[in-house]
Structures are given as C-alpha cells and as structure tokens.
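Enquirer: below are the sequence and a predicted model for it; my questions follow.
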Amino acid sequence: MPKFCLRLPSSATLALLIFTTGCSPLSPPDTAEDQTSSSLTMVSEQTPSTCPQIDPFTKAITKATGAANLAQSAQSPQDWDLVVLGWLQAIEAMQSIPPDSPKRVYAQKKVAEYFKNLDIAQQKAKTTSSSLPFASFNNPIFEEQLLLYLSYIAAVGTPDVLIVGSSRALVGIDPQQLQQSLAQQGKGNLKIFNFGVNGATAQLIDFQLRQLLTPDQLPRLIIWADGVRAFNSGRVDKTYNSLIASGGYQRLIAGDRPKLPERLPNTTDACENLPLSTVSPANQATSIVSREATSERWRLTRVAFETSSNPISTPTNRLLLTQLTGTETPQRLTLVSNPTGYSTLAIDANGFLSMDGKFDPKLYYQQNPRVVGRYDADYQPFSFSGKQAVALESIKAFTQQQKIPLVVVNLPVSRDYLDSVRLTRERQFRQLMQRQGASGGFIFIDLGEQWVNQNQYFADPSHLNRYGAAAVSNQLATNPQIPWPQ
C-alpha cells in the first residue's frame, strides 16, 4: 500500500502541506474489527440564504484539508463516505478553475493527486463495509451482484434491460456502452444492468429469473449472453449445486427473500457544499450532501478506476484480477473462498466487469496451460439433453408467461479456443439454438465465430476484454431482431 504522510500536530500544518506538497490524507489508526467506531456528523454553519461565494481554488484546498482531517479518525463506512465526498468536492472545485487562469497548470496536478486520494478513500469505504444483509449463497460474485442489483433498483429503479449469463456475460456486454449506442439510435433513457455471475448455467439463470427476483424486479427485456458451456447437461453443475446447498437458498425457499434494509432518505442542504472542516464526532452519522454532490459521486466512481489503480490480469490465473493498490486490508470478497479471484471493486455501477488486457497467445501460454477441448471439464462429458435443457424450457415458458422478450446471444470466442472438439460443439449448439429460436420462445443471435482472427477483442481465449465488450454492445444496439423497450 502506498505510504501516507506522517501525522502532524495540527490541522493548520496539514493544510499547509496539502497546499504546497499535495500530501495524501493521513492513515487512520488500525483498529480491531469489533471495535466500535465513532461516527462523524456534518454541522452546517451556513443557512441557505447566506451561502457565500468563494474562490474555487480556496474552496478546493479547504475541502481537501477537511477530507484529510477526516481520514485521520474515520473508521466506519459512513465516516469514509464523508471522506470520499470531501475529495469529490475538492476535485470539483479544483477542476472548475478556468483554462486561462494562471493557477490552471498547478490545479490540474492537484486534481490528479486528489483522484488518488479519492481512490484510497473509496477502497477504505469498501473494506470497512458491514456484512451482507442476507444469508450467503456460497458464491461471492453472485452475492455482490445481487447486493448491487437491489441497490441499483433502490437508486434508479428496475432496469428496462437485464443481462444475465456466466463470467462471459459479466465481462462481455457493457451496459453503459449499450445505453449510449441505443441513445444514438433514438432509443435513449433505457436503464440496463448486467447481472452476470461466474459459472452461471441455464439452471442458475432459471433460479435467478423465476425464484430469486420478484415480479416488480424483473426487466422488460432479458439478454442471456453466454455460450455452449452453459447448456451442457453432461457435466456436473458445481455452481448451481453449491448455491442450492447454501443458507441463502434455504432461507429463500422458506420465504425469507434477500432485501436491503430500509432507511429514511438523507437530508439535503440548499448550500452546494458544506465545509468539511466543521465535523463533530457522534454516535450516529448524518450525511448532509447536495444532489449535485451525490450525482458527482456516482459519475466519478468509474473515472477513479480508470485514472489510478486499474485492475489487470495476473500472470498466474486467467481472469484473476489483482487487488487494487492502496489497500492494506483485503476487501471482504478476498477474505472468503472466491474461486474466480474476481474483485468486485472493479465491477461498475451497472454490474459490468471491465477487462483491460489483450489476448496474446505467445505470452498467454507461457503463463497458463493449454487445455484442449477433449480434456476440458466444461465439455466432457457432453450432452444437450438433461437438466440444462429442462432449465431452458422453464425459462422460455416463464418469460412467455411474463411477456418478457428473451434474447439469447452466443458470445464470440477466439480461434485459439476453437479446437476440433469445441468447434464441433459450437456448431451443434448453433443449430440447436437456431431451431429452438425459430419455433418461438426466444430470439437467437450468433456472434460465436465472428472474431476468430481478432485477438485484440479478447482478454483470454474465451472471454472478451472491454474493447470486445464495447463492440458487442454496439452490435446489439443496431441489431433489428432485438425488440428494445419503448
């Protein structure tokens, strides 16, 4: 973890260092997990009618000083949320210095520093998060995606379009890119969420749609993005078997549905920004934030990952993401058994996991074994008849009953992946889906072999990187077969 500056005896000295050297916020003291933290309460010294106009540079330094001060004593997620808000406000103020100002060059350097501090504060807010508000489903990515989906619904409403599937869907369709492409086609204002889950099969998708989600949590269109592996009934479905053996599943079928705790809305203040230096310890934290600041926090979350500690693929495990730099304590997901190694800190607000690496076979196979289809457990043994086929029929019947269009997308794979065994199964799968799609129940879109010679779109032989995900999203937006909600 990058070391912070040493603690200083006074906030005045701290403010001076932030102004002159760009010191990172001080590290909070290490505490035991069960230690009770004191929360921080925002205290407004201004009334809406007396909000002063101040120089943006001075405002930025003040906000940065306040955020650094708060970081010294922050312990709870609410405390760190206030630190995050402080850095956001500092960034906003410093960025507003006009290009023709003599302070502009210096201000841009400060913005870059503040982004680093914001990233650290965001990670601290994550690592101090409380436990899940529902019982475990034996799949950390599933749990975090469910938690995010419920929070997404609480924040912006049920999505119009829901993407489901395995890790290939999780990294293979970018909802924000899809939204932008649809807007360019005159289909704007659609809400899209990616509920991809590592290892998801037809059985797990059936569970998601029919048992997990309530009718008011269902979208108006479902895009099931995956490939032949999700429909293989011959292999053992470890992901689904683990889920139905979980406490979360048992609670669900007993009627205890996963949900988030209800809280009263946060109060707001007419002043755009409150001085973060006026913070007092209290037992309860009351965040007084402006609507502008709240939306800025959502907007800048993704920017922070793109400008500082972007996760990358490690050399030892395909699709294993390195822990983001700057955190002493692993985030909650890395403290439990997580077979994929995914870090949900990298999943964006729409449920998408962006992969940056580009597949280079020469380098990839120096670090990873080459597994041919004959010995791939996802393909051996193999059958299109069985439990996954039953689940597919169940999904078809359910979506027809709910009058929700279902689009099945066969995502691209690389030529390196398609050896003779996998290629045979790929083409059998295409024929099966085309026949079933023609008989009604879903729309089938086959992209499986379209990029067999374009490794720049892949993170590994069978998973797309963010460039491939963006390209697929653009393709889907212009596909006339898809009945996008009006």
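Expert: Arrived safely.
Enquirer: tell me where the model's unsure across the stretch 251-400 of the chain.
Expert: Where the stretch 251-400 of the chain drops to pLDDT under 70, the residues are 263-345.
Enquirer: switch the cut-off to 50
Expert: 273-342 (pLDDT under 50).
Enquirer: which strands or helices does the longest helix seen in the chain pack on?
Expert: When the chain is parsed with DSSP state H, its longest helix is helix 104-127. Where contact means 3 or more Cβ pairs under 8 Å, 6 or more residues apart in numbering; DSSP states H and E, helix 104-127 is packed against helix 56-73, helix 77-95, helix 291-307. Every residue, glycine included, has its C-beta placed from N, CA and C.
Enquirer: how near is the one residue sitting closest to the centre of the chain to residue 387?
Expert: Centroid-nearest residue in the chain, with Cα atoms, centre = their mean: residue 347, separated by 2.1 Å. Residue 347 is 29 Å from residue 387, where distance means Cβ to Cβ, to the nearest Å.
Enquirer: ok, now residue 351?
Expert: Distance, residue 351 to residue 387, by Cβ to Cβ: 26 Å.
Enquirer: ok, these two, which is more surrounded?
Expert: residue 351 (25 against 16; other Cβ atoms under 10 Å).
Enquirer: ok, and the closest non-adjacent residue to that one?
Expert: residue 194 (3.8 Å; Cβ to Cβ, 6 or more residues apart in numbering).
Enquirer: what of residue 445?
Expert: Counting by Cβ to Cβ, 6+ apart, residue 445 lies nearest to residue 409, which is 4.8 Å off, once chain neighbours are set aside.
Enquirer: just residue 111 next, same as before
Expert: residue 94 (5.1 Å).
Enquirer: for that neighbour, give me its contacts.
Expert: 56-57, 60, 107, 110-111, 114 (Cβ atoms under 8 Å, 6 or more residues apart in numbering).
Enquirer: hang on, residue 211 packs against residue 252?
Expert: Yes: in this structure residue 211 lies within contact range of residue 252 using Cβ atoms under 8 Å: 6.7 Å.
Enquirer: just checking, residue 449 is part of a strand?
Expert: No: counting by DSSP: H, G, I helix; E, B strand; the rest coil, residue 449 falls outside a strand, being coil.
Enquirer: got the angle between the longest helix of the chain and helix 56-73?
Expert: Angular relation of helix 104-127 and helix 56-73 on a 0 to 180 degree scale: 30 degrees, by axes from the mean of the first three to the mean of the last three Cα atoms, to 10 degrees.
Enquirer: any idea of the mean pLDDT for helix 104-127?
Expert: Averaging pLDDT along helix 104-127 gives 91.
Enquirer: tell me the buried residues in it?
Expert: Using 16 or more other Cβ atoms under 10 Å as the burial criterion, the residues of helix 104-127 that qualify are 107, 110-111, 113-127.
Enquirer: from the chain's centre, how far out does that helix sit?
Expert: Centroid separation for helix 104-127 versus its chain: 20 Å, with Cα atoms, centre = their mean, to the nearest Å.
Enquirer: returning to what we had before: okay, residue 211 and residue 252: which has more neighbours?
Expert: Neighbours were counted for residue 211 and for residue 252 using other Cβ under 10 Å; residue 252 has more, 20 against 11.
Enquirer: could you measure from the more buried one over to residue 123?
Expert: 31 Å.
Enquirer: gap between the residue nearest to residue 445 and residue 429?
Expert: As judged by Cβ to Cβ, residue 409 and residue 429 stand 12 Å apart.
Enquirer: and those two? Which one has more around it.
Expert: For residue 409 and residue 429, the more surrounded residue by other Cβ under 10 Å is residue 409, and the numbers stand at 28 against 20.
Enquirer: beta partners for the more buried one?
Expert: Under DSSP bridges, the beta-bridge partners of residue 409 are residue 225, residue 445.
Enquirer: oh, and call the first residue 33 from now on, that's how I've got it
Expert: Sounds good: first residue 33 from here, last item residue 441.
Enquirer: any idea how far it lies from residue 196?
Expert: 11 Å.
Enquirer: intersection of neighbour lists for those two?
Expert: 255-257.
Enquirer: name the member of those with the most neighbours.
Expert: Neighbour max across the shared contacts of residue 441 and residue 196 (other Cβ under 10 Å) = residue 257, 27 neighbours.
Enquirer: who's in contact with it?
Expert: So residue 257 contacts 195-197, 200-201, 204-205, 228, 441, 443 (Cβ under 8 Å, 6+ apart).
Enquirer: same question for residue 169.
Expert: Counting by Cβ under 8 Å, 6+ apart, residue 169 touches 175, 178, 275, 278, 280-281.
Enquirer: 10 Å - rerun?
Expert: 175, 178, 229, 239, 244, 274-281, 283-284, 290 (Cβ atoms under 10 Å, 6 or more residues apart in numbering).
Enquirer: could you confirm it falls within a helix?
Expert: No: Residue 169 is assigned coil when assessed by three-state DSSP, not a helix.
Enquirer: quick check: it vs residue 96, distance?
Expert: Distance, residue 169 to residue 96, by Cβ to Cβ: 41 Å.
Enquirer: measure the residue nearest to the centre of the chain to residue 386 for me?
Expert: Residue 379 is 9 Å from residue 386, by Cβ to Cβ.
Enquirer: kindly report the same for residue 95.
Expert: Going from residue 95 to residue 386 by Cβ to Cβ gives 29 Å.
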